[in-house]
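Enquirer: No sequence on hand, only this structure:
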């Protein structure tokens with residue numbers, strides 16, 4: 001029997017919200033000389049073909065070569081491009097809006113970027129990849145040092161081999177070995193699949209085979225991924241420009257109306273130190289006012305007050321242009337951060353088309369409901385742990401953090417270390433070991449978390465401190481010296497803290513709960529609690545009571 005001819009590798013894009021085929025193509029290519037666009041038939045379905053060439057009379061590099069050599073170089077070029085659009089089965093009605101685009105040459109440049117389903121290739125890869133043969137992952141990690149990295153293991157491995165867990169990691173590209181028996185020309189053999197915004201797989205040779213293959217891919221998207229890979233699609237960076245615009249419209253509405261789940265977060269990757277700043281300097285925040293040094297650290301009430309003077313409809317623009325710089329001193333001269341764009345300080349969550357999105361470090365992320373539920377349940381377990389031997393006094397109406405920390409230290413027989421920095425070779429500018437140290441070796445970190453915003457700063461401070469005390473003998477020595485200097489008992493400062501307590505106060509009559517923390521605050525809480533407990537340091541969360549009525 002003759003061997004079946006292999007399918008033709010084709011790059012495929014999936015577009016959404018396409019009522020008419022023309023709306024999937026950038027306007028410049030619909031009327032440009034050298035390109036033709038017309039309706040076609042693909043088997044028994046209507047399609048749309050755009051094909052042509054991008055011509056240049058003189059390549060960009062010619063001028064550079066002419067300058068270097070003195071020789072006149074005039075070389076042009078022609079770049080062919082084509083794209084064929086067709087709807088999957090069941091999507092023939094224009095209002096459904098799903099279109100598949102088969103791209104040839106530079107055809108991807110013809111597509112309207114705002115219509116792209118940027119998670120298409122990734123979702124196919126998650127549903128077809130061999131979980132033991134992942135070869136490359138590109139991951140953005142949400143933690144105190146937000147980062148994006150790509151890891152490659154040529155022979156393949158599972159998620160643990162890439163160091164990928166299930167909390168706070170958004171995957172944007174997957175390369176893996178996969179089987180796609182549903183494709184007409186796959187021959188059932190494993191093939192390397194790359195999943196990002198597009199998908200490159202072997203399609204059939206006839207119209208009927210190609211349509212069958214596209215329908216199979218559409219049905220595949222409706223299936224559940226392999227259990228061990230499911231976590232890879234539960235948190236995803238939004239790259240579709242149209243979706244970003246719609247989300248920014250919702251953000252603008254929240255800024256104009258002071259509505260929705262909005263507040264401030266802590267942009268860790270822009271802050272050089274995690275000590276508590278004594279002042280902050282806004283720039284371009286207040287209309288018509290010079291930058292002024294302000295005491296403490298920014299909270300949402302400060303930002304709301306500033307934006308109140310900006311006309312509705314212009315507040316998002318102000319958020320985009322304004323910056324905040326943190327300083328260690330009260331005069332605003334000893335900076336511990338860059339001028340951080342205000343957008344990177346915002347925490348905001350909203351729904352769009354029955355999906356949940358969150359703003360983190362200035363960028364949008366889609367959060368799967370299963371993921372959000374899982375994170376909340378894990379945070380509930382942390383809140384449920386009781387610190388039975390410690391009683392936290394109520395936060396008085398007239399108390400700021402300094403006053404409360406002193407009262408807490410006195411009530412628990414501890415030492416107030418708020419703003420008492422310890423400096424080591426690794427942390428030459430100093431870190432806060434904690435706000436209150438208890439003689440049994442407990443570190444208590446306290447934060448007044450207006451609208452939960454400052455909680456992320458509290459978490460970062462706790463992680464930096466515990467990490468230093470677990471791994472740096474010099475840090476432990478400096479901590480002992482600081483405690484003794486303040487008249488405390490440092491005999492139980494050992495190779496690691498006995499426990500870390502995160503104590504938060506939200507305001508009179510209010511309580512910090514797992515439900516009212518921002519999603520990414522909960523993500524960081526789970527990540528950092530896990531990190532500390534892997535070092536043998538248990539973590540507790542306490543909601544400080546408010547004053548009696």
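Expert: Cool, the structure landed. All figures in this text were calculated on a predicted structure; none of them were measured in a lab.

Enquirer: Quick check: phi and psi on residue 363?
Expert: phi -120, psi 160 (degrees, to the nearest 10).

Enquirer: correction: residue 347
Expert: The phi/psi pair for residue 347 (degrees, to the nearest 10) is phi -120, psi 130.

Enquirer: how much space between the closest residue to it other than its chain neighbours and residue 280?
Expert: What sits nearest to residue 347 in space, not counting adjacent residues and going by Cβ to Cβ, 6 or more residues apart in numbering, is residue 265, at 4.0 Å. Any C-beta I mention is one placed from the backbone N, CA and C, and that applies to glycine too. Separation of residue 265 from residue 280 (Cβ to Cβ, to the nearest Å) stands at 15 Å.

Enquirer: hmm, back to that, which residues does the residue nearest to residue 347 contact?
Expert: 345, 346, 347, 360, 361, 453, 456, 518, 520, 521 (Cβ atoms under 8 Å, 6 or more residues apart in numbering).

Enquirer: Out of these, who's the most crowded?
Expert: residue 360 (30 neighbours; other Cβ atoms under 10 Å).

Enquirer: May I have the beta-bridge partners of that one?
Expert: Beta-bridge partners of residue 360, counted by DSSP bridges, are residue 363.

Enquirer: Hmm, it is touching residue 520, no?
Expert: Yes - in this structure, residue 360 is within contact of residue 520 by Cβ atoms under 8 Å, at 4.7 Å.

Enquirer: Now residue 475: closest residue in space that isn't a chain neighbour?
Expert: Setting aside the residues directly before and after it, residue 475 is nearest to residue 468 in space (Cβ to Cβ, 6+ apart), at 4.3 Å.

Enquirer: name the element the one you found belongs to?
Expert: Element membership of residue 468, judged by DSSP states H and E, is helix 455-471.

Enquirer: phi, psi of the spatially closest residue to residue 267 that is not a sequence neighbour?
Expert: Spatial nearest neighbour of residue 267, chain neighbours left out: residue 344 (4.3 Å); criterion: Cβ to Cβ, 6+ apart. With angles defined as degrees, to the nearest 10, residue 344 sits at phi -70, psi -10.

Enquirer: so how far is residue 293 from residue 344?
Expert: To residue 293, residue 344 is 21 Å away according to Cβ to Cβ.

Enquirer: Likewise for residue 74?
Expert: Residue 74 is 59 Å from residue 293, by Cβ to Cβ.

Enquirer: who has more neighbours, the two?
Expert: residue 293 (16 against 9).

Enquirer: residues contacting the nearest residue to the more buried one once chain neighbours are set aside?
Expert: In this structure, residue 293 finds its nearest non-sequential neighbour in residue 332, 3.4 Å apart by Cβ to Cβ, 6+ apart. By Cβ under 8 Å, 6+ apart, residue 332 lies in contact with 279, 280, 281, 293, 325.

Enquirer: Can you name every helix or strand that the helix holding residue 468 contacts?
Expert: Applying 3 or more Cβ pairs under 8 Å, 6 or more residues apart in numbering; DSSP states H and E, we find helix 455-471 packed against strand 442-448, helix 473-485, strand 499-505, helix 519-534.

Enquirer: and which of the contacts of residue 332 is nearest to residue 477?
Expert: The closest of the contacts of residue 332 to residue 477 turns out to be residue 279 (Cβ to Cβ; 30.4 Å).

Enquirer: Correct me if wrong: residue 470 contacts residue 495.
Expert: Yes - under the criterion of Cβ under 8 Å, residue 470 makes contact with residue 495 at 7.0 Å.

Enquirer: between those two, which one's more packed in?
Expert: Taking other Cβ under 10 Å, residue 470 and residue 495 do not tie; residue 470 has more neighbours (17 against 11).

Enquirer: Return the distance of that one relative to residue 535.
Expert: 5 Å.

Enquirer: hey, where'd the helices end up in the stretch 301-450 of the chain?
Expert: Here the stretch 301-450 of the chain has its helices, by DSSP state H, counting those that start in this stretch, at 315-321, 369-384, 401-412.

Enquirer: Can you report how many residues lie near the residue nearest to residue 267?
Expert: Neighbourhood size, residue 344 [other Cβ under 10 Å]: 20.

Enquirer: Can you give me the distance of it to residue 471?
Expert: Applying Cβ to Cβ, the value for residue 344 to residue 471 is 29 Å.

Enquirer: so what's residue 70 scoring on pLDDT?
Expert: Looking at residue 70, its pLDDT reads 93.

Enquirer: can you pull the contacts of it?
Expert: Residues near residue 70 by Cβ under 8 Å, 6+ apart: none.

Enquirer: And the chain, split by domain according to the record?
Expert: Using automatic domain parsing, the domain parsing of the chain gives 8-130+175-230, 241-367, 371-543.
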